[in-house]
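K.L.:
I'd like to go over a predicted model; first the sequence, then the structure.
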There are 2 protein chains.
Amino acid sequence: MPHEPDRHDGDADADRGRTRPPTIYDVARAAGVAASTVSRAFSRPGRVNAETADRIRAIAAEMGYRTNYLARALPTGRTSMLALVTSDVTNPFHAEIIRGAETAAAEADYSLLLINAQEDDRIERRNVERVVPSVEGIVLASSRMSDSAIRVIAKQRPTVVLNRDITDVSSIVTDNPHGARLAVEHLAELGHRTITYVAGPESSWVDGMRWRGLREAAGPGIRMHRVGPVPPTIAGGGTAVTDVVRSAATAVVAYNDQVAIGLMRALRASGVRIPEALSVVGFDDIFVADLVQPGLTTVAAPLRAEGSIAVRTILSLVNGSPGRTDRPRTLPVKLVVRASTAPCRTARRRR
Amino acid sequence: MPHEPDRHDGDADADRGRTRPPTIYDVARAAGVAASTVSRAFSRPGRVNAETADRIRAIAAEMGYRTNYLARALPTGRTSMLALVTSDVTNPFHAEIIRGAETAAAEADYSLLLINAQEDDRIERRNVERVVPSVEGIVLASSRMSDSAIRVIAKQRPTVVLNRDITDVSSIVTDNPHGARLAVEHLAELGHRTITYVAGPESSWVDGMRWRGLREAAGPGIRMHRVGPVPPTIAGGGTAVTDVVRSAATAVVAYNDQVAIGLMRALRASGVRIPEALSVVGFDDIFVADLVQPGLTTVAAPLRAEGSIAVRTILSLVNGSPGRTDRPRTLPVKLVVRASTAPCRTARRRR
DNA sequence: GTGAAAGCGCTAACAG
DNA sequence: CTGTTAGCGCTTTCAC
């Protein structure tokens, strides 16, 4: 297929139905100029006579010429593409991150390639390695890869990691300790004194931050339990139901909204009323949190901002900014109170 | 940055912190063989002495050599990458399609690049054009591009279109007419005689199919109304509430699940009880349909299969299969009955 | 079975 | 301002 005999000859154009698009040489010949001039007309307008440039572009347009970004990338490294790698694009948690990243990329006239890791670090690694040469920078959102694997990537291309703290790699996180504090304070105000945390994956950096934050926020008056770990999914939340019931807590904080939602469903199926019998708090504020019945009280992370800041950071790294890797950039969170939390009954009775 | 003075010299390896990965030449020199031999050791094992090949691969691994897929793609066109373009990746409708496609791609050792069109045909086109040279095939899911724009893409790379029928382009659709019939029959059995359809975007091929299917399925005993069009989102569904109430129907079929869910929320907010006062049916069976209260009765499309079949089709096109473009491949649907539909009250009273 | 050399489409020095 | 030329990293004839 490659190495057609006559290069720059364009006659075998429609050899198999699939069109070989015109190259810069085809345009050059048609316009009677050198290939480099055509190149300049596209990438360095101003470095070429305005009229010639216009003429070239007109001819190119008419021939249906499209610059081959792949070929351009080889000598320059410029691909105008960025990669956003997520453990699972279909996870609603990533929806707003993706939107934010997408918007920021489009503003800078970059295209964002979304790479799915399928929750599998081997697939993730393979996909990332494959795409690395084609992109100018990489955003890793909830990566399953090891710190060292990520550092290898970061050596090849500007890299930003989300919701994780890795030495020598730029990172952006949400303020989990403060979020945990907000959750505990809210529950405490409602009179709850025994709170159970439903833990997410042990390997998760975020899980550690949330659990620690919760414990630190719980003053002497609050008993903090912990059940799990469970998978960070709706199904995972469902599996925690018996442990939660057994924990005899009047309030639950879940690792994230999915777990909270799964738990609420399972609880309702077991006849536990929410929020009357049990208050539930989630983390992240994914869009579904506002859709379920009752609406889920949750610690809202500025997901969209996280996505767009990540891309802007990448872009400034691409443009040679040094970037700081000493400590993660922390984004503020707030508590969104909905209907899944209510005053503690036991507390009321005591009055 | 490009054109470092000494090519194949690898000494300026750590020139700026960002590592330039070893090339095939670096490996060749280290192994004392020609570059072509290294290349063969990777892509044509068997065409090279087994021992030499092993030795080369060992050295390469030790040096941290990774084949540059971008560079390989230039002469060969082989990138081991496919693109899946969606109007909005974060739309839960695409979740299962993406999963299916992802699985099929991984099985064939391909990587899937997810491209977001941000519901904007210009952005879509720009992104697609940019990525076309880097991928071997393209799946277009709910594309916003014009038929002709899509044909242009299809001329450059094997292309499969989902949920749309375009002359000369392979396409895969779900059986909307049959789905519409199932919905109407179900409602008719429950005693409903007046049904309102909440229409999606007028430009949508799928909307046309669903509305037509509904009308054809409604026999003489059923009155079929139509309101909208509304945007195919939860918010869009909410805007239909007054029209729906005014239509005096006892049952509603929505363009898709999002519209149905948005409508149900708005109805509840207006004090209309579901399913007692109004039955609601959606289309697609996205995961949220089972999460809302009441659970949404919906026409389930085999979304996951659609994704994986699309990728397999692309792969066979890539491998030179002719592919059929005369008529779309149609996938079967079924009705999933949940709690949002119930017997018609008016009907009951009549008995 | 292996090496030498040309070229994929584009860009960037370097002359003029 | 424009043409000439070499080369990005890899593959693939074509000889040996």
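P.N.:
On my side now, so go ahead.
K.L.:
next one: phi and psi at the most centrally placed residue in chain A?
P.N.:
Central residue of chain A (CA atoms, centre = their mean): A:A141, 4.0 Å from the mean position. Backbone dihedrals for A:A141, given as degrees, to the nearest 10, come out at phi -110, psi 130.
K.L.:
give the contact list for A:E276.
P.N.:
A:A342, A:R345 (CB atoms under 8 Å, 6 or more residues apart in numbering or on different chains). For every residue, glycine as well, the C-beta is placed using N, CA and C.
K.L.:
list the buried residues for stretch A:135-148?
P.N.:
A:V135, A:E136, A:G137, A:I138, A:V139, A:L140, A:A141, A:S142, A:S143, A:R144, A:M145, A:D147 (16 or more other CB atoms under 10 Å in any protein chain shown).
K.L.:
again with stretch A:56-68
P.N.:
A:I56, A:R57, A:I59, A:A60, A:M63, A:Y65, A:R66, A:T67, A:N68.
K.L.:
could you find the closest non-adjacent residue to A:F287?
P.N.:
A:P92 (6.1 Å; CB to CB, 6 or more residues apart in numbering or on different chains).
K.L.:
ok, now A:L112?
P.N.:
A:A105 is the one closest to A:L112 (CB to CB, 6+ apart), at 4.3 Å.
K.L.:
how far off centre is the host helix or strand of the one you found?
P.N.:
Using DSSP states H and E, A:A105 maps to helix A:93-107. Relative to the centre of its chain, helix A:93-107 is centred 8 Å away, using CA atoms, centre = their mean, to the nearest Å.
K.L.:
could you list the domains of chain A?
P.N.:
Split into domains by automatic domain parsing, chain A comes to A:9-67, A:81-173+A:303-331, A:176-301.
K.L.:
can you put those in CSV and add distance to B:S340 and mean pLDDT?
P.N.:
As requested, the domains of chain A are arranged in CSV below (distance: least, CB to CB, whole Å; pLDDT from 0 to 100):
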stretch, distance to B:S340, mean pLDDT
domain A:9-67, 47, 84
domain A:81-173+A:303-331, 21, 93
domain A:176-301, 13, 95
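K.L.:
minimum distance to B:P302: which of those has it?
P.N.:
domain A:81-173+A:303-331 (16.1 Å; CB to CB).
K.L.:
so for that closest one, first residue to last residue, what's the gap.
P.N.:
26 Å (CA to CA, to the nearest Å).
K.L.:
got the contact list for the residue nearest to A:F287?
P.N.:
A:Q258, A:I286, A:F287, A:V288, B:T90, B:P92.
K.L.:
ok, and the most crowded of those?
P.N.:
For the contacts of A:P92, neighbours were counted by other CB atoms under 10 Å in any protein chain shown; the highest total belongs to A:Q258, with 27 neighbours.
K.L.:
and that one, that one's in a helix?
P.N.:
Yes: under DSSP: H, G, I helix; E, B strand; the rest coil, A:Q258 sits within a helix.
K.L.:
would you agree it is in contact with A:P232?
P.N.:
Yes: because the distance of 6.1 Å satisfies CB atoms under 8 Å, A:Q258 is recorded as touching A:P232.
K.L.:
how about A:V280, secondary structure?
P.N.:
strand.
K.L.:
which strand residues bridge it?
P.N.:
Beta-bridge pairing for A:V280 (DSSP bridges): A:V252.
K.L.:
element containing A:V85, please.
P.N.:
In this structure, A:V85 sits in strand A:81-86 according to DSSP H and E.
K.L.:
likewise A:A183?
P.N.:
Using DSSP H and E, A:A183 falls in helix A:176-189.
K.L.:
returning to that earlier point: so which of the buried residues of stretch A:135-148 is the closest to chain B?
P.N.:
A:V135 (9.5 Å; CB to the nearest CB).
K.L.:
and the gap between that closest one and B:L70?
P.N.:
10 Å (CB to CB, to the nearest Å).
K.L.:
same question for A:V128.
P.N.:
14 Å.
K.L.:
repeat that for A:R212.
P.N.:
42 Å.
K.L.:
the more surrounded of those two?
P.N.:
B:L70 (24 against 13).
K.L.:
excluding sequence neighbours, find me the nearest residue to that one.
P.N.:
A:P133 (4.0 Å).
K.L.:
list the contacts for that neighbour?
P.N.:
A:A73, B:N68, B:Y69, B:L70, B:A71.
K.L.:
state the pair within these that is farthest apart.
P.N.:
Greatest spacing in the contacts of A:P133, by CB to CB: A:A73 and B:Y69 (11.1 Å).
K.L.:
got any residues that touch both of these two?
P.N.:
A:P133, A:S134.
K.L.:
can I get the contacts of A:P133 in TSV with distance to DNA strand C, pLDDT and secondary structure?
P.N.:
Formatted as TSV, the contacts of A:P133 follow (distance: CB to the nearest atom of the strand, whole Å; pLDDT from 0 to 100; DSSP: H, G, I helix; E, B strand; the rest coil):
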residue	distance to DNA strand C	pLDDT	secondary structure
A:A73	8	93	helix
B:N68	11	92	coil
B:Y69	13	91	helix
B:L70	10	93	helix
B:A71	7	94	helix
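K.L.:
so which of these is the closest to B:E216?
P.N.:
For the contacts of A:P133, the nearest to B:E216 is B:Y69 (49.3 Å; CB to CB).
K.L.:
in its sheet, what does the strand holding A:V85 sit against?
P.N.:
In the sheet, strand A:81-86 lines up with strand A:111-116 (parallel), strand A:137-141 (parallel) (DSSP bridges).
K.L.:
the inter-axis angle of the longest one versus helix B:93-107?
P.N.:
Comparing the axes of strand A:111-116 and helix B:93-107 via axes from the mean of the first three to the mean of the last three CA atoms, to 10 degrees yields an angle of 70 degrees.
K.L.:
do the same with the last one
P.N.:
Counting by the same axes, to 10 degrees, strand A:137-141 lies at 110 degrees to helix B:93-107.
K.L.:
any chance you could list what contacts strand A:137-141?
P.N.:
With CB under 8 Å, 6+ apart as the criterion, strand A:137-141 contacts A:82-87, A:94, A:97, A:101, A:128, A:132, A:150, A:153, A:157-164, A:307, A:310-311, A:314-315, A:317-318.
K.L.:
and after that strand, which helix or strand comes next?
P.N.:
Following strand A:137-141 in sequence, per DSSP H and E, is helix A:147-156.
K.L.:
that following helix vs DNA strand D: in contact?
P.N.:
No: judged by CB under 7 Å from any atom of the strand, helix A:147-156 and DNA strand D are separated, with a smallest distance of 11.4 Å.
K.L.:
can I get that helix as CSV, trimmed to CA atoms?
P.N.:
The C-alpha trace of helix A:147-156 is given here as CSV (Å, rounded to 0.1, in the frame of the first residue of the first chain):
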residue,chain,number,x,y,z
ASP,A,147,3.0,6.5,40.4
SER,A,148,6.2,5.3,38.6
ALA,A,149,4.3,4.5,35.4
ILE,A,150,2.8,8.0,35.5
ARG,A,151,6.2,9.5,36.0
VAL,A,152,7.4,7.8,32.9
ILE,A,153,4.5,9.3,30.9
ALA,A,154,5.2,12.7,32.5
LYS,A,155,8.8,12.6,31.2
GLN,A,156,7.6,12.3,27.7
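K.L.:
buried ones in it?
P.N.:
A:D147, A:A149, A:I150, A:V152, A:I153, A:A154, A:K155, A:Q156.
K.L.:
pLDDT value on A:P2, please?
P.N.:
The model reports A:P2 with a pLDDT of 37.
K.L.:
now swap in A:T79 and tell me
P.N.:
For A:T79, the model assigns a pLDDT of 92.
K.L.:
circling back: who has more neighbours, A:A73 and B:Y69?
P.N.:
With neighbours defined as other CB under 10 Å, A:A73 and B:Y69 compare such that A:A73 has more, 23 against 20.
K.L.:
from A:I153, how far out is the more buried one?
P.N.:
Taken as CB to CB, the span from A:A73 to A:I153 is 18 Å.
K.L.:
what do you get for A:A41?
P.N.:
For A:A41, the distance to A:I153 - CB to CB - is 36 Å.
K.L.:
A:T159 too?
P.N.:
For A:T159 relative to A:I153 (CB to CB), the value is 6 Å.
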